[in-house]
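> Below is the sequence, then the predicted model.
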Amino acid sequence: MEKTKKPVVVGIGELLWDLFPDGDRLGGAPLNFCYHAQQLGAKGIPVSAVGRDELGQDLRQALYEKGIADQFVETVSRHPTGTVSIALDPDGKPAYTIHEPVAWDALSHADSLTRLARRTDAVCFGSLAQRSEASRKTIHAFLQATSNAALRIFDVNLRQDFYSKEIIDESLRLANILKLSDEELPVLAKMFRLSGSVAEQLEVLRERFGLRLVAYTRGAAGSLLLSPDEVSDHPGCPGDAINSVGAGDAFTAALCMGLLNGDNLDETNEHANRVATFVCSQDGATPILPESLISGREGAQKTQKLCEVEK
């Protein structure tokens, strides 16, 4: 019997080392997204850049060890490999110091990227890697080359002052799915003069930009998913958090795979919360997921309502 073809899932943008107080770990939201999407059944492909330095060599080796393809990770000579200094508060919530300029600020567009875009089933991008004009143009060109059927997930990921209303507006117009957190919604509400309840603000964003879906995360308090036909409100899963670095990216990966698999929003929301809760319980953004969380349509159905039972 012929094997089912894996969906091609791309994370485009930053690729870096997270510098924790106790050591360095592979990171960057697009990479975290790709890694977890691949664990959940996709072919995860990061599109980024590293420097011609030791950190860049180490990063490629780390990708190899995790089974992540690096053929769309370019090497640039004029900038070093990206790094982010991370400090954790007593609750494990991270504070980031993102260094610049770095290699992923210089993403260049090539014909090979256009070909990749045309066969991409889902792509996730954020605002951070758009802080430079060069990378922003490359990201936009990639998104514009994808098919109408592809999921184009804008995971806002507001960091420091590396964003603007123009970048957010353009990104929303290129996306068909928006993912944002309870810390990011007030920023967008001010930008776009949104008022009313959280659900009303999200619905205005969905309608204004013609989005297929808006995903709103609330940390330990769960998440709200809104589409034109469905609403799913999940209360979150119990768990002991070590740190939340990468949890949002894992949520986005599970969300993406649920949508690609055709799961309904409640199934997708349930599974995404369980995956994010597990990542919060681990030391680092890219842990190996347990078999119970390895998804596909069957996995999402298998875990449905378990959080409510545990509570």
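Nice, I can see it. Numbers count the residues shown, from 1 in each chain.

> quick one: the host helix or strand of E207 to chain centroid distance?
Element membership for E207 (DSSP states H and E) is helix 198-208. When distances are taken as CA atoms, centre = their mean, to the nearest Å, helix 198-208 is centred 21 Å away from the chain's centroid.

> after that helix comes which helix or strand?
strand 213-217.

> where do the strands sit along this protein?
Taking DSSP state E, the strands of the chain run over residues 8-12, 16-20, 23-27, 43-51, 73-76, 82-88, 94-98, 122-125, 151-155, 177-181, 213-217, 223-226, 231-234.

> strand partners of the longest one, parallel vs antiparallel please.
According to DSSP bridges, strand 43-51 has the following sheet partners: strand 8-12 (parallel), strand 73-76 (parallel).

> Show me how far the shortest one is from its chain's centre.
Counting by CA atoms, centre = their mean, strand 73-76 is centred 21 Å from the centre of its parent chain.

> nearest spatial neighbour of the residue nearest to the spatial centre of the chain, skipping sequence neighbours?
For the chain, the residue nearest the mean C-alpha position is D249 (3.9 Å; CA atoms, centre = their mean). Distances taken as CB to CB, 6 or more residues apart in numbering place N32 nearest to D249, at 3.6 Å, with adjacent residues excluded. In this view, the C-beta of every residue, glycine as well, is placed from N, C-alpha and C.

> wouldn't the one you found be in contact with F251 here?
No - between N32 and F251 there is no contact under CB atoms under 8 Å: 10.3 Å.

> re earlier: just checking, the residue nearest to the centre of the chain touches S181?
No - using CB under 8 Å, D249 is not in contact with S181, being 11.7 Å away.

> got a list of what the residue lying closest to S232 once chain neighbours are set aside touches?
Once flanking residues are discounted, S232 sits nearest to L265: 3.7 Å by CB to CB, 6+ apart. For L265, the contacting residues are 225, 227, 230-232, by CB atoms under 8 Å, 6 or more residues apart in numbering.

> could you redo the last one with a cut-off of 10 Å?
Applying CB atoms under 10 Å, 6 or more residues apart in numbering to L265 gives the contacts 213, 215, 224-227, 229-234, 255, 258-259.
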